[in-house]
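Student: Have a look; sequence and predicted model below, questions after that.
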Amino acid sequence: MGLIAKNLARTYRTGLWKEKCIFRGVTFELKSGKTFGLMGPSGEGKSTLGRIVAGLEKPTEGTVCFNGKPLSGMKKAEYAAFRRSVQMMFQDPTEAFNPRKRIEQSIFEVLNLLKTPETEHALRTKKMLETVGLSEELLFRYPSQLSGGQLQRLALGRILLLEPEYIVLDEPTSALDVSVQAQVLHLLKRVQAEQKIGYLLISHDEAVVHFMADSYGIIKNGQLNITDA
Amino acid sequence: MNTLLEVKDLNVSFQGNENETVNAVSGLSFFIREKEILALVGETGCGKSAVAHAVVRLLPSESRVMGTIKFGGKNLLELSEKEMSGLRGKEISIIFQNPSLALNPVYSIEHQLAEPLRIHGQKMKKKVKKTEGKKENNALSKVVKALESMGFSNPHECMRYYPSWCSGGMNQRFLIAASNMLDPVLLIADEPSKGLDRSRVAELENELKGLKERSGTSMLLISHDLSFVRRLADRIAVMYAGEIVELAEPKQFFEKPFHPYALGLLKSLPENGFIPIPGSSPSLSSLPEGCRFHPRCSFKEKRCMQEHPELKESKGRAVRCFLWA
């Protein structure tokens, strides 16, 4: 069934009587356990497209269908299930965590939202940290005390607590240096193989997309051209 | 060539959340010659941006900065805030890392690009009162030229934009254009290629090269994009956990890196298969005994865990490792 973007278009108002269309007729499908790479010059709407697929923004035209149902016609409970199943990982991990809270609090917040009994918090957090390859010691630190790589791993771990079916990865390694980028890419691949998560990987880095993606599209002049990797 | 910037024994520390001391930069020394591009590379959180902010004196007031930063014969750390403001944006310019935080959301791009001209052009305004209209046009044409050099084909339309209307990559290019408005003597570029696609990186590369050739601008280039650094830099300094571990020319560095961390960095490049360095960098508030890289080093010896290696220089390069003799 998958996550399908159908004929998406996005237009912005740039003045009282002026509009600018950033893309039109964009169609692609995300499949479980597969990665679809999205490349293109800056300003072509890659991140906007990612936000639309994750349900964080509405398209001007077209629809996003999750498991065969368009988002616009979903009931409240269905939409909540969609929002939980489709997560988004952002470019800058330092902005993904509340700077005033210890990492432990940010993780437990998600577990509370999931109504996980408090007695299970420690165990689930420990499991999550094992998955992303981090030590428990980090839980008692503040975001400013962690490196970009550690925070990006934690951001992924926090998303994994929600057991998503799809993750929109918006430039997940562009804020990281090459050695940390390699660590995070290998981690993403391992998690995908283990949990069959479908990725929409937004990146301007061709090497990253070729390393990760099963197929990819290039968005340019408002149009998407898809190629098999 | 003469030395433009000389940093000696720079130490930057902050008070951490638990009252512990975070040693962001430890005993860092380097120099930049006139018309030279020195690249600073290394893992996120290793202190690269702290060095950049120390040079332009934009570190938070609670941070402790020690050492000397000599620019044009003056120690920047001893200048008054007024003297420093006179240098910032005119002689020393900085491209900040995060465009969404560096651009003011309530002002148009035109306003923000013309700001350095307004601030540093006040004296000029008094002298050329009669030609004020012409001066305004000059400022406008400078803004248009700066936008064109950053690859904007519609500069007059772009000038009306606000940062929130634009993508991260576009805002990054606006920031770069703003920092080059007054052809600075020293440009500090903190991750200028971050968020830009390949064609934009090529444009940026040409613009920075042009700035060096045209205006003789020296640069402290901070980047994690090693291929970008390879094409632009005259020398490369590799930082790890707050200190320089290797300093070499690009050819030497890419053909035969000496420090095990530098070797690991090159192995994690896409062309080498994204092979990661195991483990993660130490917390700057609890640095390991001995060599700071030893917990992740596959070549470590007993001595590496006990003694801290010095940065040793030989034949135009410097390495901080006991294995390099």
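Tutor: Okay, I see it.
Student: quick one: average confidence on the lengthiest helix in chain A?
Tutor: When chain A is parsed with DSSP state H, its longest helix is helix A:178-195. The average pLDDT within helix A:178-195 is 92.
Student: Is stretch B:184-194 in proximity to chain A?
Tutor: Yes - counting by Cβ under 8 Å from any Cβ of the partner chain, chain A has neighbours in stretch B:184-194: residue B:194. In short, each C-beta sits where N, CA and C put it, glycine included.
Student: Return the distance of that stretch from the chain's centre.
Tutor: Mean-position distance between stretch B:184-194 and its chain equals 5 Å (Cα atoms, centre = their mean, to the nearest Å).
Student: got it, and stretch B:179-186?
Tutor: Worked out by Cα atoms, centre = their mean, stretch B:179-186 lies 14 Å from the chain centre.
Student: got the residues of chain A near chain B?
Tutor: Contact residues (Cβ under 8 Å from any Cβ) of chain A with chain B: A:12, A:14, A:39-45, A:47, A:91-92, A:141-142, A:144-150, A:171, A:174-183, A:185-186, A:204-208, A:211.
Student: Whichever of those end up buried, select them in ChimeraX.
Tutor: To isolate the buried members of the residues of chain A next to chain B in ChimeraX, using 16 or more other Cβ atoms under 10 Å in any protein chain shown:
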select /A:39,40,41,42,43,44,45,47,91,92,141,142,145,146,147,148,149,150,171,174,175,176,177,178,179,180,181,182,183,185,186,204,205,207,208,211
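Student: The residue in chain A that chain B sits nearest to: what's it in contact with?
Tutor: As assessed by Cβ to the nearest Cβ, chain B sits closest to residue A:42 within chain A, at 2.2 Å. When contacts are counted by Cβ atoms under 8 Å, 6 or more residues apart in numbering or on different chains, residue A:42 touches A:204, B:167-170, B:172-173, B:195-197, B:200.
Student: doesn't it fall inside a strand?
Tutor: No - Residue A:42: not assigned to a strand; according to DSSP: H, G, I helix; E, B strand; the rest coil it is coil.
Student: Can you tell me the closest non-neighbouring residue to it?
Tutor: residue B:169 (2.2 Å; Cβ to Cβ, 6 or more residues apart in numbering or on different chains).
Student: ok, the one you found touching residue B:200?
Tutor: Yes - assessed by Cβ atoms under 8 Å, residue B:169 is found in contact with residue B:200 at 6.2 Å.
Student: any residues in contact with both of these two?
Tutor: Counting by Cβ under 8 Å, 6+ apart, the contacts common to residue B:169 and residue B:200 are A:41-42.
Student: roughly how far apart are the residue in the stretch 151-300 of chain B positioned nearest to chain A and residue B:201?
Tutor: The stretch 151-300 of chain B approaches chain A most closely through residue B:169 (2.2 Å), counting by Cβ to the nearest Cβ. Distance from residue B:169 to residue B:201, counting by Cβ to Cβ, to the nearest Å: 10 Å.
Student: One more: residue B:236?
Tutor: As judged by Cβ to Cβ, residue B:236 and residue B:201 stand 18 Å apart.
Student: now residue B:151
Tutor: Distance, residue B:151 to residue B:201, using Cβ to Cβ: 11 Å.
Student: same deal with residue B:75?
Tutor: Separation of residue B:75 from residue B:201 (Cβ to Cβ) stands at 35 Å.
Student: Comparing the two, which shows the higher neighbour count?
Tutor: residue B:201 (21 against 13; other Cβ atoms under 10 Å in any protein chain shown).
Student: Next, count neighbours for residue B:300.
Tutor: Residue B:300: 17 neighbours (other Cβ under 10 Å).
Student: Show the model's pLDDT score for it.
Tutor: In this model, residue B:300 is scored at 94, pLDDT.
Student: Give me the nearest residue to it, chain neighbours excluded.
Tutor: The nearest residue in space to residue B:300 (Cβ to Cβ, 6+ apart) is residue B:294, at 4.7 Å.
Student: Quick one: residues contacting that neighbour.
Tutor: Counting by Cβ under 8 Å, 6+ apart, residue B:294 has contacts B:288, B:300, B:304-305.
Student: Please apply the same query to residue A:58.
Tutor: Contacts of residue A:58 (Cβ under 8 Å, 6+ apart): residue A:52.
Student: just residue B:148 next, same as before
Tutor: So residue B:148 contacts residue B:155 (Cβ under 8 Å, 6+ apart).
Student: host element of it?
Tutor: helix B:132-149 (DSSP states H and E).
Student: my guess is residue B:62 contacts residue B:15, does it?
Tutor: Yes - Residue B:62 is within contact range of residue B:15, at 6.2 Å (criterion: Cβ under 8 Å).
Student: For the two, indicate the residue with more neighbours.
Tutor: Remark: of residue B:62 and residue B:15, residue B:15 carries more neighbours, 14 against 7, as counted by other Cβ under 10 Å.
Student: what's the burial count for the nearest residue in space to residue B:287 that is not next to it in sequence?
Tutor: The shortest distance from residue B:287 to any non-neighbouring residue, by Cβ to Cβ, 6+ apart, is to residue B:241 (6.2 Å). By the criterion of other Cβ under 10 Å, residue B:241 has 23 neighbours.
Student: buried residues in the helix-or-strand element of chain A with minimal mean pLDDT?
Tutor: Among the helices and strands of chain A, strand A:223-228 carries the lowest confidence by mean pLDDT, DSSP states H and E, at a mean of 88. Neighbour-count burial for strand A:223-228, counted by 16+ other Cβ under 10 Å, picks out residue A:224.
Student: now the strands: where do they sit in chain A?
Tutor: Here chain A has its strands, by DSSP state E, at A:3-13, A:19-30, A:35-39, A:61-66, A:69-70, A:86-89, A:166-170, A:198-202, A:215-220, A:223-228.
Student: Quick one: these as JSON lines, columns for distance to residue B:317 too.
Tutor: Listed next are those as JSON lines, based on distance: least, Cβ to Cβ, whole Å:
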{"stretch": "strand A:3-13", "distance to residue B:317": "51"}
{"stretch": "strand A:19-30", "distance to residue B:317": "48"}
{"stretch": "strand A:35-39", "distance to residue B:317": "37"}
{"stretch": "strand A:61-66", "distance to residue B:317": "54"}
{"stretch": "strand A:69-70", "distance to residue B:317": "61"}
{"stretch": "strand A:86-89", "distance to residue B:317": "39"}
{"stretch": "strand A:166-170", "distance to residue B:317": "38"}
{"stretch": "strand A:198-202", "distance to residue B:317": "38"}
{"stretch": "strand A:215-220", "distance to residue B:317": "40"}
{"stretch": "strand A:223-228", "distance to residue B:317": "43"}
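Student: Least confident of these, on average?
Tutor: Looking at the strands of chain A, the bottom one is strand A:223-228 with a mean of 88.
Student: That one: partners in the sheet, and parallel or antiparallel?
Tutor: The pairing partners recorded for strand A:223-228 under DSSP bridges are strand A:215-220 (antiparallel).
Student: quick one: contacts of the partner strand?
Tutor: Against strand A:215-220 from outside (Cβ under 8 Å, 6+ apart): A:23, A:26, A:28, A:34, A:36-41, A:44-46, A:49, A:209-210, A:224-229.
Student: Check which residues of it are buried.
Tutor: Buried, per 16+ other Cβ under 10 Å, within strand A:215-220: A:216-219.
Student: Noted, bye for now.
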